[in-house]
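Novice: Provided below are the primary sequence and the corresponding predicted coordinates.
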Amino acid sequence: MRLFIGAFCAALSIAVTASAQSCGGIYKIKGGDTLSGIADSQYKDARKCSAIFNVNREQIGDSPNKIRVGQRLNLPCINGLPTGLEGGVSTAAPKLAPVPVETKQVKVAQMPCACRRDLRGIGPAVPTKTS
C-alpha cells in the first residue's frame, strides 16, 4: 500500500512589503491650531493633547498655549494614529509568503516506527494480513 505523505518545511519565509501607511510623525502648526484641536483631528481624541505637549515640551516651553504658526511638532504614534505624516514609522505588517510543500510516495513499511500507524485512525498500528 502506498500513501501520500506531505513533508513540511521547518523554515518559514517572510516577505516584507513596503507600505505608504505610517504612524506618528511631524505636524506643522497652522493658524488657529491648538494642541487639543491637533489631538482631536489627528488622534480623534482631544485628551491626547497632553501626550503631544509632553513629547514637545522642550520646543513648546512651559505653556501648551504658546505654539507658533510654522512650528513643527513631533506627534507620537498612539494606537496606530496619526497616519500619513512626514517622518512617521512604517506600519507595514510582514506578509507571509507561501511555504512550498514536498509530497512523496512511500510504502508504510518504509516509514519510521513512530509513523507506523493507521493514518485513517482505524485498525492496528501495522497492517495485518486478511484472509
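Specialist: It's in.

Novice: Can you give the contact residues for the helix or strand harbouring residue 74?
Specialist: Element membership of residue 74, judged by DSSP states H and E, is strand 72-75. Contact with strand 72-75 is made by 24-29, 38, 42, 52, 55-56, 59-60, 67, 82, 85, 87, as judged by CB atoms under 8 Å, 6 or more residues apart in numbering. For glycine as for every other residue, the C-beta is placed from the backbone atoms N, C-alpha and C.

Novice: I'd like to know which of these are part of helices.
Specialist: Among the contacts of strand 72-75, the residues falling in helices (DSSP state H) are 38, 42, 52, 55, 59, 60.

Novice: By mean pLDDT, which helix or strand of this protein comes out lowest?
Specialist: The helix or strand of the chain with the poorest confidence is strand 14-15; it has a mean of 28 (mean pLDDT, DSSP states H and E).

Novice: returning to what we had before: just the buried subset of the ones in helices among the contacts of strand 72-75, written out for ChimeraX, thanks.
Specialist: Buried residues among the ones in helices among the contacts of strand 72-75 (16 or more other CB atoms under 10 Å), as a ChimeraX selection:
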select :38,42,52,60
